[in-house]
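Peer 1: quick one, structure for this:
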Amino acid sequence: MEEENELVALRREKLDKLRARGVEPFGGAFETSGDIAEIRSRFREGDTLRAAGRITAHRDMGKSHFLDLRDATGRIQIYIHPKEVGAELIDLFSLLDLGDFVGVEGTCFLTKTSEPTLKVRKFQVLAKALRPLPEKWHGLQDVEARYRRRYLDLLMNEESREHTILRARIVTAIRAYFDAEGFIEVETPVLQPRYGGGFAEPFVTHSNLHDRDLYLRIADELYLKRLIVGGLEKVYELAKDFRNEGISYKHSPEFTQLEWYEAYADYNNTMERTEALVERAAQAAVGVDSAPSRQCRPHQAGV
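Peer 2: Residues are numbered from 1 along each chain as shown. Next comes the predicted model:
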């Protein structure tokens, strides 16, 4: 901790020096040629492109410097030399650290190892990182730190970023499936005068206006069923539910739950719809379009 505090103090000194030079390193806009993945796809030697991202590696070759610039889509190498950027920008460059955000403009070229690289002519400090990044080779390994400081987990562990993106794709696919099937997405009350729809210990809060206790919902089932009674025959909700119980890798007191209800359906319809939904979500997650999604067919009672 003491070592980290010293590093933070050094970074704050650099922040003060940047401001003394008239550079405000927070909140600046920078127009790019696209995200880094797009820049790599458009890369042609001799072209001028603009990229922005976080500095994640620095290879000091004396007067010349090679750095890795990374955003959410990937990484690209940049090359900085005094002859290209001039004395003033080199002076600012000495105040940068790993983790800082910069925007650069440069010429595309390939190194001797055929690495796509931007030879920087101009750069702009976009944000100064005041805390050092975790050790780069092993990511962020401490489990408690990963959960308490999720932003560092996302920054240092590619697998965590991939899982976050996969989750977003799955949620989008779920909504697309139900919307296409004629369902209406609704929102039901989170604060409830009487909790129900499951067996769990609720979180209790208090309404000052009504001078009464309320509960964070443990499920959204009962209100969804009221909507069916009210004539909305197909409804679904991706709801935040809360259960005041233990926490583990299998359970969180706050979680997202999908519930849907439809009139004139039985358990056979629900099983078929569940299969179709899981198939659609899996295709969205892994990018494979195998068999066409099943249509939920109404069952007829046998005679």
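
Peer 1: for Ile165, report the pLDDT, please.
Peer 2: On the pLDDT scale, Ile165 is placed at 89.

Peer 1: OK, contacts around Val102?
Peer 2: When contacts are counted by CB atoms under 8 Å, 6 or more residues apart in numbering, Val102 touches Ala52, Gly53, Ile55, Leu69, Leu96, Phe123, Gln124, Val125, Leu126. Heads up, the C-betas are built off the backbone N, CA and C, glycines and all.

Peer 1: CA atoms only: put the strand or helix carrying it into PDB for me.
Peer 2: Assigned by DSSP states H and E, Val102 belongs to strand 101-110. Output of strand 101-110 as PDB, limited to C-alpha atoms (Å, rounded to 0.1, in the frame of the first residue of the first chain):
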ATOM      1  CA  PHE A 101      -5.600   7.800 -22.200                       C
ATOM      2  CA  VAL A 102      -4.300   9.600 -25.300                       C
ATOM      3  CA  GLY A 103      -5.500  10.500 -28.800                       C
ATOM      4  CA  VAL A 104      -2.900  10.200 -31.600                       C
ATOM      5  CA  GLU A 105      -2.700  11.100 -35.300                       C
ATOM      6  CA  GLY A 106      -0.100   9.300 -37.300                       C
ATOM      7  CA  THR A 107       1.000   7.600 -40.500                       C
ATOM      8  CA  CYS A 108       0.500   3.900 -41.000                       C
ATOM      9  CA  PHE A 109       3.700   1.800 -41.400                       C
ATOM     10  CA  LEU A 110       4.900  -1.700 -40.900                       C
END
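
Peer 1: list the buried residues of it.
Peer 2: For strand 101-110, a neighbour-count test (16 or more other CB atoms under 10 Å) marks Phe101, Val102, Gly103, Val104, Glu105, Gly106, Thr107, Cys108 as buried.

Peer 1: strand partners (parallel or antiparallel) of that strand?
Peer 2: Sheet pairing of strand 101-110 (DSSP bridges) gives strand 48-61 (antiparallel), strand 116-127 (antiparallel).

Peer 1: with mean pLDDT added, can I get those strands in CSV?
Peer 2: As requested, the strands paired with strand 101-110 are exported to CSV (pLDDT from 0 to 100):
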stretch, mean pLDDT
strand 48-61, 93
strand 116-127, 95
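
Peer 1: most neighbours per residue, which of those?
Peer 2: Highest mean neighbour count among the strands paired with strand 101-110 (mean count of other CB atoms under 10 Å): strand 116-127, with a mean of 19.
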